[in-house]
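*Asks:* quick check, what structure comes out for this input:
(chains A and B)
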Amino acid sequence: QQQVKQSPQSLIVQKGGISIINCAYENTAFDYFPWYQQFPGKGPALLIAIRPDVSEKKEGRFTISFNKSAKQFSLHIMDSQPGDSATYFCAASISGSARQLTFGSGTQLTVLP
Amino acid sequence: GAGVSQSPSNKVTEKGKDVELRCDPISGHTALYWYRQSLGQGLEFLIYFQGNSAPDKSGLPSDRFSAERTGGSVSTLTIQRTQQEDSAVYLCASSWGAGQNTGELFFGEGSRLTVL
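*Replies:* Numbering: from 1, shown residues only, chains lettered A, B, ... in the order given. You can find the predicted model right below:
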């Protein structure tokens, strides 16, 4: 019930391409869905987040798409750049509580120049 | 600085030794978390402190692991009789406490532990 399943485990994209990372959850009580970005040697940092009252949220080249009925959400990185190469974690929580955050297993993204 | 500070950044120890890892959270954050990240793996929750409440220790993998938070601020994670499988990056994070939830965790850069 608390799991968040993330795929793919690793992703290689050419510069300028679209990177897509998918996550699925079971617990319908989840109501806050953030994505964290982690560069090598650094801690994860919040990238973008969505609540289930909207189906899409866009910030620059990063977009979260949310499908409540399918219990799935995804991160799209448009015009991917080598600087986007990092590990991305999806997460979900109840009532927006950081304490209740459940993380996916992570996706290592490599954007080739 | 204004971020979460962790020390040491790297620690190499021999099997069987005890280690202490320190975390200094963002000023004003009442919630503090420890996570473990093994090579190429996800984030494993270890322990959570919120204000003066009893900590949630449900993620600690064994009784060799313990943590304290003094004065509601600095926290120390202690691993006794270290084993090779304890080798990982230990991440500390802090957040605003209950009633001010933004759902955002602020992570430090981690302490990389290597047990030989």
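
*Asks:* alpha carbons only: can I get stretch B:75-87 in CSV?
*Replies:* The C-alpha coordinates for stretch B:75-87 follow below in CSV (Å, rounded to 0.1, in the frame of the first residue of the first chain):
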residue,chain,number,x,y,z
SER,B,75,21.4,15.0,15.6
THR,B,76,24.0,12.2,15.8
LEU,B,77,23.5,8.8,14.1
THR,B,78,25.7,6.2,15.8
ILE,B,79,26.5,2.8,14.3
GLN,B,80,28.1,0.3,16.7
ARG,B,81,30.2,-2.6,15.6
THR,B,82,30.1,-1.6,12.0
GLN,B,83,29.7,-4.3,9.3
GLN,B,84,30.6,-4.1,5.6
GLU,B,85,27.0,-4.0,4.7
ASP,B,86,26.7,-0.7,6.6
SER,B,87,28.8,0.9,3.8
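
*Asks:* any chance you could list what contacts it?
*Replies:* For stretch B:75-87, the external contacting residues (CB atoms under 8 Å, 6 or more residues apart in numbering or on different chains) are B:13-23, B:25, B:32, B:34, B:38, B:46-47, B:49, B:64-70, B:90, B:92, B:113-116. Every residue, glycine included, has its C-beta placed from N, CA and C.

*Asks:* quick one: buried ones out of those?
*Replies:* By neighbour count, with 16 or more other CB atoms under 10 Å in any protein chain shown, those hold B:13, B:19, B:21, B:23, B:25, B:32, B:34, B:46-47, B:49, B:65, B:67, B:69, B:90, B:92, B:113, B:115 as buried.

*Asks:* contacting residues for residue A:35?
*Replies:* Contacts of residue A:35 were listed using CB under 8 Å, 6+ apart, and they are A:46, A:47, A:48, A:49, A:62, A:64, A:75, A:88, A:89, A:90, A:91.

*Asks:* ok, residue A:108 to chain B distance?
*Replies:* 8 Å (CB to the nearest CB, to the nearest Å).
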